[in-house]
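>>> sharing a model that was predicted from the sequence below.
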Amino acid sequence: MFFGYMFVDLMSPLQSMIEAQRGWTPDVFGMYGSSEFILNVFGFLILAGIILDKMGVRFTGQLSASLMFIGACLKYYAVSDSFAGSGIETWLGSWWTSFPASAKLASLGFMIFGCGMEMAGITVSKAIAKWFEGKEMALAMGLEMAIARVGVFAIFSISPWLADMAPATVVRPVAFCTVLLLIGLLTFVIFSFMDRKLDKQLGLDSRGGGGSEEEFKVSDLKYILSSKVFWIIAFLCVLYYSAIFPFQRFATNMLESNLGVSAQTAADIFRWFPMGAAAITPFLGRYLDHKGKGATMLILGAILMIVCHLTFAFVLPEFPSKPVAYGSIVLLGISFSLVPAALWPSVPKIVETRYLGSAYSLIFWIQNIGLCLFPMLFGFALKYFNAGRTEGMPYDYTRPMLIFVACGVLAMLLGLWLKAEDRKKKYGLELPNIKK
Ligand SMILES: NCCCC[C@H](NC(=O)[C@@H](N)CC(=O)O)C(=O)O
């Protein structure tokens, strides 16, 4: 997960270099970014969940880590010097000429990587639920997410440094992260041996199923799809994450515009956001394991997000102060710890283990649709509300930011509904994970 999150964001700080070296204009760069989600949104994630529940965490984990590595190799080849001038480049460059050949192949690689990455995300969640059932599950999930956030922070620091070494090239960071993904694949193979041993100890079959549990059937999906509480969690997830990950892409420019600082200063302020979340998530996971209060944490997280986005929309333009910006980012970091720390460990409480993979994959699928659409929606709103803006002027973010505020309000209402449902049906969302 650490290496995977690094690979996802490795190009983010290199936008101007890839434009200069390979001709990827901002719209090409944007489309390349969305390519990660395309196959997932068109159904791969659903298939991934079924594969996970049918084949178990070992097979699916190795498959997903292999897909990540294959996709990375393709992307490496696309930006490499040996691709430039090759027959494939000539052919790929002969159609849809506004989209460079290197971007086409890199996007294909990123699409394959994206399938592996999301499949790995649900596999890891199911593996943690299996290993830590009745124990420190939320702490384990919190640590996993914290490691992922450190990966984002690390790549924002390492990628420009690697690229800027003489001779400056975007190829070096891609090569570096591709090697890391190979190491990731090997670590998953090692994990698979440990997981096999656990199955032997627990008396489970080769898929990690069996025991008293029934085998997963595709028709079991109806139990998930007909569960009200599943839909509440899925919609809460898409609304919350749609106001976080898409916001992350625009946050640097929003701070730049509202504070009147350079892009570098704005990025330096914002890059602490994932680090803040990394520092707090494991503690909240531990709290959840020992004390519970998962549904309350979801509501609190959504409220904090509303407060932060309102501050970015209305307070920062009026009072362009760095302490206010840092304060809001810290609060958003706390929110981004509360919600993920409580959300993902809640899923095993509402569905049976035999279709847990499918439940995670359906939630990821719905979430991916939001992650694909919201950057476009926000970008459109930003352009629309800045119609009269002249080149070089800061953007007005006030009204576009209301999209993220609205997501937060709806997520909070869903959180309240979830808590009410939990009280009625006793899913145990407010109870600790550790069974004494
Ligand atoms: N084991 C992973 C838990 C989910 C972590 C969560 N990531 C996602 O939801 C991804 N689907 C996001 C993406 O598509 O980039 C997170 O909080 O990072």
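Alright, I've got the coordinates. Numbers count the residues shown, from 1 in each chain.
>>> would you map out the domains in the chain?
Split into domains by automatic domain parsing, the chain comes to 1-214, 216-386+393-436.
>>> tell me how far the first one lies from the chain's centre.
Relative to the chain's own centre, domain 1-214 is displaced by 11 Å; criterion: Cα atoms, centre = their mean, to the nearest Å.
>>> can you pull the residues of the stretch 201-350 of the chain lying near the ligand?
241, 340, 344 (Cβ under 6 Å from any ligand atom). Yep, even glycine has a C-beta here, placed from its N, CA and C like the rest.
>>> return the member of the residues you listed nearest to residue 137.
Of all these, residue 344 has the smallest distance to residue 137: 9.2 Å, by Cβ to Cβ.
>>> the closest one touches residue 126, doesn't it?
No - with contact defined as Cβ atoms under 8 Å, residue 344 does not reach residue 126; the gap is 10.6 Å.
>>> quickly note the distance from the closest residue to the ligand within the stretch 201-350 of the chain to residue 301.
Relative to the ligand, the nearest point of the stretch 201-350 of the chain is residue 340 (4.0 Å; Cβ to the nearest ligand atom). The spacing between residue 340 and residue 301, counted by Cβ to Cβ, to the nearest Å, is 8 Å.
>>> ditto for residue 44
With Cβ to Cβ as the criterion, residue 44 and residue 301 are 29 Å apart.
>>> neighbour count: the two, which is higher?
More crowded of residue 44 and residue 301, by other Cβ atoms under 10 Å: residue 301, with 27 against 24.
>>> I'd say the more buried one and residue 240 touch.
Yes - with contact defined as Cβ under 8 Å, residue 301 counts as touching residue 240 (7.3 Å).
>>> tell me the contacts of residue 373?
residue 242 (Cβ atoms under 8 Å, 6 or more residues apart in numbering).
>>> for it, what are phi and psi?
Dihedral angles of residue 373 (phi, psi; degrees, to the nearest 10) stand at phi -90, psi -40.
>>> and if you look at residue 320?
Torsion angles, degrees, to the nearest 10, at residue 320: phi -70, psi 70.
>>> what's the burial count for it?
16.
>>> close enough to count as contact, it and residue 260?
Yes - Residue 320 lies in contact with residue 260 (Cβ under 8 Å); the separation is 5.9 Å.
>>> how about residue 435, secondary structure?
Recorded secondary structure, residue 435: coil (DSSP: H, G, I helix; E, B strand; the rest coil).
>>> residues of the strand or helix carrying residue 403 that come out buried?
When elements are assigned from DSSP states H and E, residue 403 belongs to helix 398-425. Judged by neighbour count (16 or more other Cβ atoms under 10 Å), helix 398-425 contains these buried residues: 400-405, 407-412, 414-415, 417-419, 421-422.
>>> tell me the residue furthest from the middle of the chain?
residue 87 (35.4 Å; Cα atoms, centre = their mean).
>>> measure that one to the ligand for me?
34 Å (Cβ to the nearest ligand atom, to the nearest Å).
>>> verify the contact between residue 355 and residue 53 for me.
Yes - assessed by Cβ under 8 Å, residue 355 is found in contact with residue 53 at 5.6 Å.
>>> what residues of the lowest-mean-pLDDT helix or strand in the chain count as buried?
Counting by mean pLDDT, DSSP states H and E, the chain has its least confident helix or strand at helix 263-270, which shows a mean of 80. The neighbour-count check on helix 263-270 (16+ other Cβ under 10 Å) flags 266-267, 269-270 as buried.
>>> CA atoms only for stretch 265-274, dumped as CSV, please.
C-alpha atoms of stretch 265-274 as CSV (Å, rounded to 0.1, in the frame of the first residue of the first chain):
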residue,chain,number,x,y,z
THR,A,265,4.6,27.9,-0.5
ALA,A,266,1.0,26.7,-0.9
ALA,A,267,2.2,23.1,-1.6
ASP,A,268,4.5,23.3,1.4
ILE,A,269,1.5,24.2,3.6
PHE,A,270,-0.8,21.6,2.1
ARG,A,271,1.6,18.6,2.1
TRP,A,272,1.2,18.4,5.9
PHE,A,273,-2.4,17.4,5.4
PRO,A,274,-1.7,13.6,4.7
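>>> run the chain-centre distance for that stretch.
With Cα atoms, centre = their mean as the basis, stretch 265-274 stands 18 Å off its chain's centre.
>>> just stretch 367-381 next, same as before
Using Cα atoms, centre = their mean, the offset of stretch 367-381 from its chain centre is 14 Å.
>>> next: stretch 234-253.
Worked out by Cα atoms, centre = their mean, stretch 234-253 lies 10 Å from the chain centre.
>>> run through who's touching it.
33, 263, 266-267, 270, 273, 298, 301-302, 305, 309, 336, 339, 343, 362-363, 366-367, 369-371, 373-375, 378-379, 382, 395, 397, 403-405, 407-408, 410-411, 414-415, 418.
>>> which residue ranges form the helices in the stretch 101-250 of the chain?
Along the stretch 101-250 of the chain, the stretches classed as helices by DSSP state H, counting those that start in this stretch are 101-131, 137-164, 171-202, 221-225, 228-242, 245-259.
>>> if you could redo that for the stretch 251-400 of the chain, that was the one I meant.
263-270, 272-291, 294-310, 316-318, 322-350, 356-384, 398-425.
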